[in-house]
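Novice: Mind looking at a prediction? Sequence and model below.
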Amino acid sequence: MSIRRLLLISFLAAACLAQLSTAREITVAARFQKETGKSAKLIYGSSGNFFEQIQNGAPFDMFFSPNLDYRRS
């Protein structure tokens with residue numbers, strides 16, 4: 001299994017668990033930088049704005065949204 005796929009699965013699992021939790025903050029443990037030598041950049045913002053940017057070619061590698069209206073199949 002590729003590191004990218006493993007990271008995606010980890011983030012999706014964390015997002016699902018976050019919806020079930022009443023906590024305001026979640027902690028995600030990842031070894032991405034140690035395994036690949038590359039860092040991950042997190043950008044926070046509106047799901048709607050990000051979704052529109054992605055539809056117009058924004059160079060995002062992953063997109064996570066708690067709003068199911070913005071899911072991609």
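Specialist: The structure has been received and is ready for your questions. Numbers count the residues shown, from 1 in each chain.
Novice: and Gly48, helix, strand or coil?
Specialist: When classified by DSSP: H, G, I helix; E, B strand; the rest coil, Gly48 comes out as helix.
Novice: Give me the longest helix you can find in the chain.
Specialist: helix 3-20 (DSSP state H).
Novice: what's next to that one, contact-wise?
Specialist: Applying CB atoms under 8 Å, 6 or more residues apart in numbering, the contact partners of helix 3-20 are Ile26, Val28, Ala30, Phe32, Glu35, Thr36, Ala40, Asp61, Met62, Phe64, Pro66. Using the backbone N, CA and C atoms, a C-beta is placed for each residue, glycine as well.
Novice: Count the residues that sit near the last one.
Specialist: To tie it back to what came earlier, the one meant is Pro66. By the measure other CB atoms under 10 Å, the count of residues near Pro66 is 10.
Novice: Same check on the fifth one?
Specialist: Summarising burial for Glu35: neighbours were counted as other CB under 10 Å, giving 11.
Novice: same question, the third one
Specialist: When counting by other CB under 10 Å, one arrives at 14 neighbours for Ala30.
Novice: Tell me the predicted confidence for it.
Specialist: If you check Ala30, the pLDDT there is 70.
Novice: for the fifth one, same thing?
Specialist: Looking at Glu35, its pLDDT is 80.
Novice: For it, identify the helix or strand it belongs to.
Specialist: According to DSSP states H and E, Glu35 maps onto helix 32-36.
Novice: List the ones among the contacts of helix 3-20 that fall in helices.
Specialist: Reading helices off the contacts of helix 3-20 with DSSP H, I get Phe32, Glu35, Thr36.
Novice: and the residue nearest to the last one when sequence neighbours are not counted, how far is that from Ala13?
Specialist: If I follow you right, that is Thr36. The shortest distance from Thr36 to any non-neighbouring residue, by CB to CB, 6 or more residues apart in numbering, is to Ile3 (5.7 Å). Using CB to CB, to the nearest Å, Ile3 is found at 16 Å from Ala13.
Novice: From Gly37, how far off is the residue nearest the centre of the chain?
Specialist: Centroid-nearest residue in the chain, with CA atoms, centre = their mean: Phe64, separated by 3.9 Å. Remark: distance between Phe64 and Gly37 (CB to CB) = 23 Å.
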